[in-house]
Structure formats: C-alpha cells, structure tokens
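Colleague: My questions concern the predicted model and sequence given below.
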Amino acid sequence: MVDESFSINYITEVPKDVDKNYFMFFITILLYFYWISGSLIGATFYSVIDFNLKGIDFVMTALFIVIFIGNWQQEKAHESSILGLCAAALSLAIFGPQYFIIPTLAIILIELTIRRKVINLKYPDKNDSTKSVTDQY
C-alpha cells in the first residue's frame, strides 16, 4: 500500500491552484479507504465463492513494473530509480524473495535522507521547502 500511495503522489501533477499538501493527503486517505474496502469485499467474496487464484500472482509484479516505467519517464535524472533497483537487487541477494521488501525500503529511505543536501544542491530549481526529498527527482 505504501508503494502505491507514494507512486501515485509522486507521479501526479498537482494543479497550480490546489494546495499540494492537502491534495496528496486526500489521495493517500482515499487510497487507504479503497485498500481497506477492497480487502473486506475480497475477503467476503472469497469466503462465499470458491475459485482458483493460481496464476494471478503476476499482477503485483506487473503493477510495480508499470509504476517504475512511469517514474522513469517522468524523471529528468534517474538516480532514484537506479538506487531503487540496486537496493532491491542487494536486498534480494541477501534476504531472499520472501523478506527483501522491508530492507529495500529501509535502504532507499536511509540513502535519500543521507543524500538530501546533495540532491538539493544538484537540483536547485526543485529546491522547495514544501517538497520532500523524493520530490527532488
């Protein structure tokens, strides 16, 4: 859920006459609402209707690929995308496919936090106190 809300907030261009913080806050709230209600509906129907879900596990992989491509196309510098790929590959090699997501997110968070000043200097036109470090790309 965190990846989806981050990616949607990252990709979405906020209209100039709308407060960016409120806009992203309400997108995130709606995403959580959709996630919870979708989970409840899915759990209810799954307990009532018996059907085989084998082979549907590719959907999350496809979702992450589409999100990555969208981010790549929007970025001017691809440092954050490359960082994400490297962090995922390293975590996958160390922790295996079952446990690599949390270490990957931690590596990305730590690296972007450490490099925040460098990023702000490198992209001064994007240096805005209302933007987070991830908005710099």
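Modeller: Good, I have the coordinates.
Colleague: use CA for all of it now, contacts and neighbours both
Modeller: OK.
Colleague: Tell me which helix or strand comes right after the longest helix along the chain.
Modeller: When the chain is parsed with DSSP state H, its longest helix is helix 20-48. For helix 20-48, the succeeding helix or strand toward the C-terminus, using DSSP states H and E, is helix 58-74.
Colleague: Now do that following helix: which elements does it pack against?
Modeller: For helix 58-74, the elements it packs on are helix 2-11, helix 79-95, judged by 3 or more Cα pairs under 8 Å, 6 or more residues apart in numbering; DSSP states H and E.
Colleague: could you dump those helices to a markdown table with mean pLDDT and mean neighbour count?
Modeller: Output for the helices and strands packed on helix 58-74, formatted as a markdown table (pLDDT from 0 to 100; neighbours: other Cα atoms under 10 Å):
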| stretch | mean pLDDT | mean neighbour count |
| --- | --- | --- |
| helix 2-11 | 66 | 15 |
| helix 79-95 | 91 | 16 |
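Colleague: out of these, nearest to Tyr32?
Modeller: helix 2-11 (8.4 Å; Cα to Cα).
Colleague: quick revisit: let me have the helices and strands packed on helix 58-74 in a markdown table, adding distance to Ile108 as columns.
Modeller: Formatted as a markdown table, the helices and strands packed on helix 58-74 follow (distance: least, Cα to Cα, whole Å):
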| stretch | distance to Ile108 |
| --- | --- |
| helix 2-11 | 12 |
| helix 79-95 | 6 |
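Colleague: Of all the ones you listed, which one is nearest Ile110?
Modeller: helix 79-95 (10.9 Å).
Colleague: For the closest one, name the packing helices and strands.
Modeller: Partner elements for helix 79-95 (3+ Cα pairs under 8 Å, 6+ apart): helix 58-74, helix 101-114.
Colleague: Deepest-packed of the ones you listed, please.
Modeller: helix 101-114 (a mean of 15; mean count of other Cα atoms under 10 Å).
Colleague: Counting by contacts, list what that one packs against.
Modeller: Helix 101-114 packs on helix 79-95, going by 3+ Cα pairs under 8 Å, 6+ apart.
Colleague: re the thing from before, flag every buried residue along the longest helix of the chain.
Modeller: 24, 27-28, 31-32 (16 or more other Cα atoms under 10 Å).
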